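J.: I need the structure of the sequence given here:
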Amino acid sequence: MTSTPASGATPTPPATSSPSSPPPILRPLRARGRGETHRAATPLELFFDLCFVVAVAQAGVELVHSVAEGHAGEGVLNYAMVFFALFWAWVNFSWFSSAYDNDDVLYRVVTLVQIAGVLVFAAGVSQGFEEHDFLLIWLGYLIMRVALTTQWLRVAKSATGAERTTALRYASGVLVCQIGWSGLLFLPEDARPWLFLVMAVAEMCVPVIAERGYTTAWHPHHISERYGLFTIIVLGETIAAATVAVKSGIEENDALDELLPIAAGGLLMVFAAWWVYFVVPIHGRLSSNRQAFLWGYGHYFILGAAAAIGAGLEVAVEEAVGKAHISTFAASAAVTVPMALYLLTVWLLHSRYYKVGLAQQLVLPVGALATLASTFAGSWAVLVAGLVATATVATGVTLTSRMARLTARNSPS
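T.: Here you go, the predicted structure:
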């Protein structure tokens, strides 16, 4: 991840190829300008996101199995570790590309290598959860990180002074952390969560250390769009996973009456999750190092919770048809807890900066508490949580509209 550019630094945007000409094989990997107009996600970035969701889906599937079999604690811990690795690799690529995407052939090829690493990572998720064998996960991560290091070394070759030092710090920091992750292959199982904690902190310190003397020139609108698009893709995966689970439950158990409330409640929650995230534009707040780091790092909880909602809906379906070895309360909590976490973290990172007055500020926190309370609604918990999410959105829209009318009425004509 990167932060805002140094004061007074306005890198020149790289020359781009015309739509009818192929990209050059090689051009210097120089910083782009933060003042670029119409800076948007590229087809390569969208492809990258879609391939990442394959690994996210695999992590969700394994979380479902763990929770449904009554091993929620172990499953959540494994999910937290695997999802952080995925999230951090995505963050590294997204912020790097926002500052340095020159769209030459070598850049594209190295990015495709990173995608290959993601797919290797995804192939190892099941072994990591079930057998605690992290070899494939580590190998996939190694491929991604070596490719990223190559990109930073390309930056260092084209840069001078403080920018070159920053690029070299990134390259060395990424490789040192990758060596640290190798402990997952050798340490005893009891020590691996502690290694994860240490390495997660180390990874998040790399940008802080690397950018002390020079801050890279990411584009606020572009980076907010990248996060928003990935959130949409994760929510789409949530709907897809829940739909498949409901379809299987109906076909195998003829349980339409039991599954219809879960399907309806889940759909309402995902709709609400989309609404509360995109109701306000966030790129205007991404103007300082502190804001950028808190906002970018905090999406670990937003994206992780969004993906976990889909896993929770699958657990609720399995419990409803008698395939899960847990209580109705536990199955309901698998949905309501991540939904509450999602609402709360979106409020902390996004919405609270745009709310006016105590009533508006309390909408999402109260909605999160009400979502948790719906866990006690038994077999209707998911539907109740969906109705709570809908009421939360409706309340927010009503309060905002009322405030807008009062402002218009009191403003001079």
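J.: what's near enough to touch residue 94?
T.: Residue 94 sits next to 45, 223, 226, 227, 230 when contact means C-beta atoms under 8 Å, 6 or more residues apart in numbering. The way it works is simple: take the backbone N, C-alpha and C, and place the C-beta from them, glycine included.
J.: just curious, which of these is nearest to residue 101?
T.: Nearest to residue 101 among the contacts of residue 94, counting by C-beta to C-beta, is residue 45 at 8.0 Å.
J.: need the contact list for the closest one.
T.: Counted by C-beta under 8 Å, 6+ apart, residue 45 has contacts 94, 97, 226.
J.: So what's the residue count around the second one?
T.: Residues near residue 97, counting by other C-beta atoms under 10 Å, number 24.
J.: Assign it to helix, strand or coil.
T.: Classification of residue 97 using DSSP: H, G, I helix; E, B strand; the rest coil returns helix.
J.: Without its sequence neighbours, what residue ends up closest to it?
T.: residue 45 (6.2 Å; C-beta to C-beta, 6 or more residues apart in numbering).
J.: What ranges does the stretch 251-400 of the chain have for its helices?
T.: 256-278, 289-320, 328-349, 357-373, 381-410 (DSSP state H, counting those that start in this stretch).
J.: Would you mind listing the buried residues in the shortest one?
T.: Think helix 357-373. 360, 363, 364, 365, 366, 367, 368, 370, 371, 372 (16 or more other C-beta atoms under 10 Å).
J.: what do you get for the first one?
T.: Under the neighbour-count criterion of 16+ other C-beta under 10 Å, helix 256-278 has 258-259, 261-263, 265-277 buried.
J.: send the alpha carbons of that helix over as PDB?
T.: Output in PDB follows, covering the C-alpha atoms of helix 256-278 (Å, rounded to 0.1, in the frame of the first residue of the first chain):
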ATOM      1  CA  LEU A 256     -38.500 -24.300   0.400                       C
ATOM      2  CA  ASP A 257     -40.500 -23.200   3.500                       C
ATOM      3  CA  GLU A 258     -37.400 -23.300   5.700                       C
ATOM      4  CA  LEU A 259     -35.100 -21.700   3.100                       C
ATOM      5  CA  LEU A 260     -37.200 -18.900   1.700                       C
ATOM      6  CA  PRO A 261     -36.800 -16.700   4.900                       C
ATOM      7  CA  ILE A 262     -33.000 -17.200   4.700                       C
ATOM      8  CA  ALA A 263     -32.900 -16.300   1.000                       C
ATOM      9  CA  ALA A 264     -35.000 -13.200   1.500                       C
ATOM     10  CA  GLY A 265     -33.200 -12.000   4.500                       C
ATOM     11  CA  GLY A 266     -29.800 -12.600   2.900                       C
ATOM     12  CA  LEU A 267     -30.800 -10.700  -0.200                       C
ATOM     13  CA  LEU A 268     -32.000  -7.800   1.900                       C
ATOM     14  CA  MET A 269     -28.700  -7.700   3.800                       C
ATOM     15  CA  VAL A 270     -26.500  -7.800   0.700                       C
ATOM     16  CA  PHE A 271     -28.600  -5.000  -0.800                       C
ATOM     17  CA  ALA A 272     -28.200  -3.000   2.300                       C
ATOM     18  CA  ALA A 273     -24.500  -3.700   2.400                       C
ATOM     19  CA  TRP A 274     -24.100  -2.300  -1.100                       C
ATOM     20  CA  TRP A 275     -26.200   0.800  -0.200                       C
ATOM     21  CA  VAL A 276     -24.400   1.800   3.000                       C
ATOM     22  CA  TYR A 277     -21.000   1.500   1.300                       C
ATOM     23  CA  PHE A 278     -21.800   3.600  -1.800                       C
END
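J.: For it, name the packing helices and strands.
T.: The contact analysis (3 or more C-beta pairs under 8 Å, 6 or more residues apart in numbering; DSSP states H and E) places helix 256-278 against helix 220-253, helix 289-320, helix 328-349, helix 381-410.
J.: and the angle from the shortest one to helix 256-278?
T.: What it means is helix 328-349. 10 degrees (axes from the mean of the first three to the mean of the last three C-alpha atoms, to 10 degrees).
J.: mean confidence for helix 328-349?
T.: The average pLDDT within helix 328-349 is 94.
J.: contacting residues around the residue minimising distance to the centre of the chain?
T.: By C-alpha atoms, centre = their mean, the chain has its centre lying nearest to residue 303, at 3.5 Å. Neighbouring residues of residue 303 by C-beta under 8 Å, 6+ apart: 83, 87, 230, 231, 234.
J.: Run a quick neighbour tally on the fourth one.
T.: Residues within reach of residue 231, counting by other C-beta under 10 Å, total 20.
J.: And it, what's its pLDDT?
T.: The model's pLDDT for residue 231 equals 93.
J.: which residue sits closest to it in space, ignoring its chain neighbours?
T.: Closest to residue 231 by C-beta to C-beta, 6+ apart is residue 277, at 5.8 Å.
J.: Tell me if I'm right that the one you found and residue 350 touch.
T.: Yes - counting by C-beta atoms under 8 Å, residue 350 is a contact partner of residue 277 at 6.9 Å.
J.: Show me the helices in the stretch 1-150 of the chain, by range?
T.: Counting by DSSP H, counting those that start in this stretch, the helices of the stretch 1-150 of the chain are 43-68, 72-100, 105-123, 125-130, 135-158.
J.: separation between the residue nearest to residue 97 and residue 107?
T.: The gap separating residue 45 from residue 107 is 12 Å, by C-beta to C-beta, to the nearest Å.
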